[in-house]
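> Here is my input, please return the structure:
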Amino acid sequence: MDNRRSPGAEPYLEDRLAPRLDPIAQHTLSWIGLTASDADGIFQAGLHAPRAASRFISIPCPLCRLVGTEFRTQAMRIYFQNASIPTRAANRLKYRLSLKESQARQVTSEVFGYRDWTALLSELGSKGASALDDACDSATVTERRVYQASQLVASSVDLHGESADDFVRWWQPSAAHAQDEGGVPTETPFAGSKEDLSFQEALSTLTHAVNHPVGHFEQALMTGIHRTENESSLMFVESIADELLSGNRNREPEVARHLLEALAARGLPRSILNLATSLTRGDGGPKDEKRATDLLKQLAESASTPDDLKQIVESRLGTA
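Below is the predicted model of the structure:
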């Protein structure tokens, strides 16, 4: 076969999906039910035919999902109980590629099989949590990484010369503990760490000293909110933020806003509602009524929002 590209020809599939590929690509062919010769025929036709002709090539839907942005398959969607792992994945992406937080969250949500970050948050707790990579067999992890790499390619984010496959192997967005190439966790466990002890000390002090300025412990509290998996501790910080706004503690609206932002990022419905209130009133920071409305809609659509909070949300939205 003449491998020279004809005039007007455009690549239809990525080179990495051709049959002369690495193990991940070979596994992809098996997963979508193609033989190497099938894939070679599709690849060659798409590579050497003009775009107008390649539109009519029949390509199996699973393969389209891997290389296109039009298809979102729920089969590869990962469900979470809270936002800690998606937030960690977005932060790793943001710092590695110097992205804006909004862009990092958008790409992360697409890699997890969602339309955007709001859609991801709205599904928190709606279904049983998906098994993370650490609890999956190698075939499942490979399937996930193929899909995640394809979504990364579709996002058009600049990987600074690194391939999407290699980047996902480093990123490991759906792993409980992301690891470097040598198998060493990139982030030490929080429980029992020095930061955790500071977090618990702050909570203990604030339990017995309601007049103590919460701002003195803001850094320890923020670190704890982002990293702890102790739901009781999160609930207590949430109550502290409530008290800072209500006047049951000395009012510190700026500190309360910071705590609510972090708690809302963990997907806690009450904190999302309180953050919406702060944004509407301009309490502790600038007013942002549009974002407040978006947060209320997120709560209204989420299956994890308690009924009592949902009634408040619907009342504020005028949809009751």
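
> check contacts around residue 125.
Contact analysis of residue 125 by Cβ atoms under 8 Å, 6 or more residues apart in numbering lists 81, 82, 267, 302, 303, 304. Where you see a C-beta, it was placed from the backbone N, CA and C, and this is true even at glycine.

> Oh, that last question was meant for residue 129, not what I typed.
Taking Cβ under 8 Å, 6+ apart as the test, what residue 129 contacts is 79, 80, 81.

> Can you pull up the most central residue in the chain?
Geometric centre of the chain, nearest residue: residue 86, 3.4 Å, by Cα atoms, centre = their mean.

> Go ahead and confirm that residue touches residue 118.
No. In this structure, residue 86 is not within contact of residue 118 by Cβ atoms under 8 Å, at 12.0 Å.

> coming back round to it: which one (most neighbours) among the contacts of residue 125?
Using other Cβ atoms under 10 Å as the neighbour test, those are led by residue 267, with 24 neighbours.

> Show residues contacting the helix or strand hosting residue 88.
Per DSSP states H and E: residue 88 is located in helix 84-97. Helix 84-97 is contacted from outside by 80, 99-101, 103-105, 107-109, 111-112, 117, 120, 132, 157-160, 170-171, 173-174, 176, 178, 186-187, 226-227, 229, 265-266, using Cβ under 8 Å, 6+ apart.

> let's see it at 7 Å
Helix 84-97 is contacted by residues 80, 99, 101, 104-105, 107-108, 112, 120, 157-158, 171, 173, 178, 229, 265-266 when judged by Cβ atoms under 7 Å, 6 or more residues apart in numbering.

> Go through it and flag the buried ones.
84, 85, 86, 87, 88, 89, 90, 91, 92, 93, 94, 97 (16 or more other Cβ atoms under 10 Å).

> for stretch 312-320, same thing?
Of all the residues in stretch 312-320, those buried under the rule 16+ other Cβ under 10 Å are 312, 313, 316.

> Just confirm the last one is within a strand.
In this case it means residue 316. No. Residue 316 is assigned helix when assessed by DSSP: H, G, I helix; E, B strand; the rest coil, not a strand.

> Tell me if I'm right that it and residue 295 touch.
No. Counting by Cβ atoms under 7 Å, residue 316 stays clear of residue 295, with 10.4 Å between them.

> Determine the set of other helices and strands touching the longest helix along the chain.
Looking across the chain with DSSP state H, the single longest helix is helix 138-155. When contacts are defined as 3 or more Cβ pairs under 7 Å, 6 or more residues apart in numbering; DSSP states H and E, helix 138-155 packs onto helix 23-31, helix 61-67, helix 101-111, helix 164-171.

> Confidence-wise, which of those helices is weakest overall?
Across these, helix 61-67 has the smallest mean pLDDT, namely a mean of 41.
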